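Peer 1: Here is the input, now give the coordinates:
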Amino acid sequence: MNKKQSYAIFGLGKYGRAVAKELVENGMEVLAVDIDEDIVNSVVSEIPYCKCADITDEDVIKQLGIANFDVVVIAMATNLEASVMATMLCKEAGVKTIIVKCASEMNCKILSKVGADKVVFPENESGVRLAKNLLSSGFIDIIELSKDVSMVELDVKPEWEGKNLLELNLRKKYSVNVVAIVEEKNVCVNIDPEKSLNKSMKLIVIANTTKLNKLK
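Peer 2: Next up is the predicted model:
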């Protein structure tokens, strides 16, 4: 008999709760996690293994042993930032399959970019933000997270090669925060600030939209 698949469900709204409950009823090993203690308490009778935790925290991901689960379902569609961070942390932990519920087509693109193996987009919603490819400005991709904040993927500039993030101090010089480094299709969120950058890498940064001209 094949080994039972193990599942972790992040976010226990209507969608996440339904997924977790169905898996439990079919005898699967399920860990359900939500940051709201009242929600966790309300579902513990249906989903025995529940935790109240912040899954955007790298230490929490390690403590929960997420790397040992076969599939992680991230069902926090209304919280894009949390979904992005949880996806990257699960990818970094080596989770085999990451499925993410999205609130819009644009969110699907973002989450696919940072490591989701499959995105679930049950319905279109208004206010979908458009992504703008600005190759001519040196950006690979730029995606609005909000009116004022954007996530940008960019190549390592020639003048950055051979230097590390501590030396470059990009936060001070360009008002950006490096949240991940992509190297050979691997997304690393556990960044070593003393590791030298090379031209094969791409940086994923979050920045105030008005400050992006500094990077051009």
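Peer 1: How about the contacts made by residue 58?
Peer 2: Going by Cβ atoms under 8 Å, 6 or more residues apart in numbering, residue 58 touches 89, 92, 189, 190. Using the backbone N, CA and C atoms, a C-beta is placed for each residue, glycine as well.
Peer 1: again, only using 10 Å
Peer 2: 85, 88, 89, 92, 93, 189, 190 (Cβ atoms under 10 Å, 6 or more residues apart in numbering).
Peer 1: just the buried members of those residues?
Peer 2: Buried by 16 or more other Cβ atoms under 10 Å: 85, 88, 89, 92, 93, 189, out of the contacts of residue 58.
Peer 1: so which of the contacts of residue 58 comes closest to residue 27?
Peer 2: residue 93 (25.0 Å; Cβ to Cβ).
Peer 1: Just grab the bridge partners of the closest residue to residue 170 other than its chain neighbours for me.
Peer 2: Distances taken as Cβ to Cβ, 6 or more residues apart in numbering place residue 176 nearest to residue 170, at 5.4 Å, with adjacent residues excluded. Beta-bridge pairing for residue 176 (DSSP bridges): residue 207.
Peer 1: Would you confirm that residue 176 contacts residue 211?
Peer 2: Yes. Between residue 176 and residue 211 there is a contact under Cβ atoms under 10 Å: 7.1 Å.
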